[in-house]
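Asker: 3D model of this:
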Amino acid sequence: MASSSSSPFKDDVLKGKVALITGGGSGIGFGISTHFGAHGAAVAIMGRRRQVLDDAVADLRSKGILAIGLEGDVRKQEDAARVVETTIKHFGKLDILVNGAAGNFLSSPEDLSPNGFRTVLDIDSVGTYTMCHEALKYLKKGGQGKDPSAAGLILNISATLHYTASWYQIHVSAAKAAVDSITRSLALEWGTDYDIRVNGIAPGPIEGTPGLRKLNPEEMKSKIQEYMPLYKTGERWDIAMAALYLASDAGKYVNGTTMVVDGGLWLSRPRHIPKQDVKALSRAVETKSRAVGLPTSKL
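Answerer: Numbering: from 1, shown residues only. Sure, this is the predicted structure:
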């Protein structure tokens, strides 16, 4: 079995669990696949590129992880149904669904065609719902191959772009807003009816992922870091640990939330005034107030 010595979780925290991870062959999805497997889960990864799947599965198996790769497009209901059913046939059950498949690119609204806008919504939001819909009968209590007393978990990978607004990301912002809404609605309805927990994770910029390379060119990296409270980008490990928390018994009472894992970046704004200038201005105001006899505590 793969080593999880760098993890704060016990190696067997997901022992006996089966996870299906869309977009699990690269980037954040592969990080989750690796760490779920290292903590005892059997892993099925879904993606559209056969070679990426084959390479990812070979890597996982080299670490002693039970893994299969299933080719499919989350936008197609027939693919979603086939992948879920193949996972059940191969591993006997399904405990965790991670919706990590996503589409993204930079575009100003005037240059973004309605088809381009629709494509991202189809992958991120419609694809997320489609996978949830097809997995329901296996995730709910008493689903095929499951303990009648146990229910499953859904994790939706989101973003923070839509919390305020983000340049050149109108399509992804709309898609991820929909994903967050899906997370809350299913947490309410499926949590009540089927005891399924549904949560999300909203990552910040993560090193070693296609998204960071595509959306944040190397020459822009230092400028972006200036706005980050922790002044650094995250690692795939950070997102995988958040996913492990939500998938483990430690997160058993967490439902309907989207956990932000971005070092506080979404709160950030550029400094309009350098810190040293703020101090100088404050001293100047205080000095002037004392000169005219005003108590500084009333400023």
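Asker: please enumerate the strands of the stretch 51-200 of the chain.
Answerer: Taking DSSP state E, counting those that start in this stretch, the strands of the stretch 51-200 of the chain run over residues 67-71, 96-99, 153-157, 197-203.
Asker: any chance of those strands in CSV with mean neighbour count as columns?
Answerer: To be clear about C-beta, it is placed using only N, CA and C from the backbone, and glycine gets the same treatment. Formatted as CSV, the strands of the stretch 51-200 of the chain follow (neighbours: other Cβ atoms under 10 Å):
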stretch, mean neighbour count
strand 67-71, 20
strand 96-99, 28
strand 153-157, 25
strand 197-203, 25
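Asker: could I get those as CSV with distance to E134 and mean pLDDT?
Answerer: As requested, the strands of the stretch 51-200 of the chain are arranged in CSV below (distance: least, Cβ to Cβ, whole Å; pLDDT from 0 to 100):
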stretch, distance to E134, mean pLDDT
strand 67-71, 13, 98
strand 96-99, 9, 98
strand 153-157, 12, 98
strand 197-203, 15, 97
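Asker: all helices for the stretch 151-299 of the chain, in order.
Answerer: Secondary structure of the stretch 151-299 of the chain by DSSP state H, counting those that start in this stretch: the helices cover 170-194, 210-215, 221-225, 236-247, 275-291.
Asker: nearest to D79, out of those?
Answerer: Distance to D79, taken as Cβ to Cβ, is lowest for helix 170-194 among the helices of the stretch 151-299 of the chain, at 18.8 Å.
Asker: starting at the chain centroid, how far to the closest one?
Answerer: Here the centre of helix 170-194 is set off from its chain's centre by 13 Å, with Cα atoms, centre = their mean, to the nearest Å.
Asker: where does pLDDT dip in the protein?
Answerer: 1-5, 144, 208-231, 270-272, 285-299 (pLDDT under 70).
Asker: partner residues bridging the residue nearest the centre of it?
Answerer: With distances taken as Cα atoms, centre = their mean, the residue of the chain nearest its centroid is I157 (2.8 Å). Taking DSSP bridges as the rule, I157 bridges to I201.
Asker: quick one: residues contacting it.
Answerer: I157 is in contact with G23, I28, G29, V98, N99, G100, A102, V179, G200, I201, P203, I239, counting by Cβ atoms under 8 Å, 6 or more residues apart in numbering.
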